[in-house]
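S.K.: sequence? don't have it. structure:
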């Protein structure tokens, strides 16, 4: 059943979109990742314009994070103060990101920029995940193994503007979460991702937050940053397709619930190795699209007035 | 907004004309429908143009959508990647263009008439050009624009057929693809005899978005901020609703 997407101005099969949302949701449920970084490239592969894919992914992300964050909220796994500081940084980051996005769009380079940043991001991410899961698979066969220190002090802890985060049992400079929020805000705006894959490791290894509050806090701040990105994209670029976002959301939320059940039963390291391979596969496809001589060297677009 | 205004003006003009059909000396023609509605399920459509002449003659029909500025970009191989480098803007490229004729164009009309009335792909004017350095380059970019539009079926690659039923009645099937732009189209019907235009008439055809998709794109364009906020609230509500059935899981 073809459905006409009003902002993307293309007709696509509604069940394909629903299935796509479902698969990405399933992956995110099974692997505990946001899935935004897979959603945008897949949308581009099926023919959604790059700019609409990014902005609508951000919109979809708002809903997906709400349902995730609610679950963590009920269990109390949330550092509200930390989330608010991250959001504050994210506000400035997404402002800069959306402005950058509009600039690149005017220059006709937004497609290249999105493909390139995804190719770079997914290559790095996939490789890291593959190495990490390989190590974990290897370690699984050895008894014991070295434990890392819980909390290491570096120059980062000497920064001014110290704040106490009770829930995370931390006394650190507010500049750290502000800067982190800023960086993830930029990513969110230009790539339509929540940035969980940057945020979560950074919260654990740079901020030193306890692992239990990390996913909830990360999801909570993503809601606000993705919401702001959605509004700014709608205002500045007019690229948010609500019909697309809603279909993806419905598929995604259902997929995530099944994903989390399946994920609980499978072996973690094998699962992560599999995800790493998927991520690398998408990166290879994006690189190929950029480097192989296209059939058509020319492209046309209406001029925005 | 401008397109809507034109559409209204044309519709108003149609109401003034009796029965909306084009009539001229020796020529009458009309469309099976003057309004094409693009709904959420729109996958393209066909409109029948039909008419009658007062005797033997040849008929040419030109269907065109309003012009709009279009940028054509060319990719070049730079540091291993194919990147958009140069771009050329055509100020007034029609959003849809198709020609129908009862016989090959050059057999029924002199080249001067075809050029003057922009009949045939070679005679289509695309407005002012911005950003070209040489005539050769202009030809390349122009050809690229025509090829892209033909690929999307917005420009008809070949002249369509007008079929005569007997000597006087004729019809043509005008195919509009899923990607047709909205706006007030003009359907020009020409009657020719001995390579001279005897009669010339214009019938309007309005293509507009209707229903939910129209309301949404209109809303997104006019009240972008509110649209963004509604998009966010909708996503929040959907996310919350979707989590309810799994609450106790």
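M.R.: Ah, there it is. Since we're looking at a predicted model, the values are computed, not measured.
S.K.: Just name the shakiest helix or strand of chain B by mean pLDDT.
M.R.: Least confident element among the helices and strands of chain B, by mean pLDDT, DSSP states H and E: helix B:2-16 (a mean of 50).
S.K.: Now do the strands in chain B.
M.R.: Ranges of strands within chain B are B:22-24, B:27-31, B:35-38, B:45-53, B:58-64, B:67-78, B:81-94, B:97-101, B:129-130, B:160-161, B:163-165, B:169-176, B:183-193, B:196-209, based on DSSP state E.
S.K.: Tell me which residue of the stretch 101-250 of chain A lies closest to chain B.
M.R.: Nearest residue of the stretch 101-250 of chain A to chain B (C-beta to the nearest C-beta) works out as residue A:234 at 3.1 Å. Bear in mind the C-beta positions are built from the backbone N, C-alpha and C, glycine included.
S.K.: okay but that residue is in contact with residue B:227, surely?
M.R.: Yes: between residue A:234 and residue B:227 there is a contact under C-beta atoms under 8 Å: 5.2 Å.
S.K.: Which one's more surrounded, those two?
M.R.: Under the criterion of other C-beta atoms under 10 Å in any protein chain shown, the comparison of residue A:234 against residue B:227 puts residue A:234 first, with 29 against 24.
S.K.: How many neighbouring residues does residue A:161 have?
M.R.: Neighbours around residue A:161, by other C-beta under 10 Å: 10.
S.K.: quick one: contacts for the nearest residue in space to it that is not next to it in sequence?
M.R.: Sequence neighbours aside, residue A:174 is the residue nearest to residue A:161 in space, at 4.7 Å (criterion: C-beta to C-beta, 6 or more residues apart in numbering or on different chains). Neighbour list for residue A:174: A:85, A:161, A:162, A:163 [criterion: C-beta atoms under 8 Å, 6 or more residues apart in numbering or on different chains].
S.K.: same question, residue A:232
M.R.: A:94, A:95, A:98, A:189, B:228.
S.K.: what's the closest of those residues to residue B:71?
M.R.: residue A:98 (21.8 Å; C-beta to C-beta).
S.K.: Give the phi and psi angles for the most centrally placed residue in chain B, as a check.
M.R.: Nearest to the geometric centre of chain B sits residue B:96, at 2.3 Å (C-alpha atoms, centre = their mean). Main-chain torsions, residue B:96, degrees, to the nearest 10: phi -150, psi 140.
S.K.: Is it correct that it is in contact with residue B:180?
M.R.: Yes: the criterion here is C-beta under 8 Å, and residue B:96 meets it with residue B:180 at 5.6 Å.
S.K.: Between the two, which contacts overlap?
M.R.: Once C-beta under 8 Å, 6+ apart is applied, the residues that residue B:96 and residue B:180 both contact turn out to be B:65, B:154.
S.K.: what secondary structure does residue A:240 sit in?
M.R.: When classified by DSSP: H, G, I helix; E, B strand; the rest coil, residue A:240 comes out as coil.
S.K.: Model confidence score at it, please.
M.R.: Residue A:240 carries a pLDDT score of 91 in this model.
S.K.: Then the one 3 residues further on?
M.R.: Residue A:243 carries a pLDDT value of 90.
S.K.: ok but it is inside a helix, no?
M.R.: Yes: under three-state DSSP, residue A:243 sits within a helix.
S.K.: Name all residues that make contact with the nearest residue to it once chain neighbours are set aside.
M.R.: Leaving aside its sequence neighbours, residue A:243 sits nearest to residue A:5 (C-beta to C-beta, 6+ apart; 5.4 Å). With contact taken as C-beta under 8 Å, 6+ apart, residue A:5 is in contact with A:11, A:12, A:48, A:52, A:241, A:243, A:244, B:213.
S.K.: Name the residues of the biggest helix by length in chain A that come out as buried.
M.R.: Longest helix in chain A, counting residues (DSSP state H): helix A:110-139. Using 16 or more other C-beta atoms under 10 Å in any protein chain shown as the test for burial, helix A:110-139 gives A:110-116, A:118-119, A:121-123, A:125-126, A:129-130, A:133, A:136.
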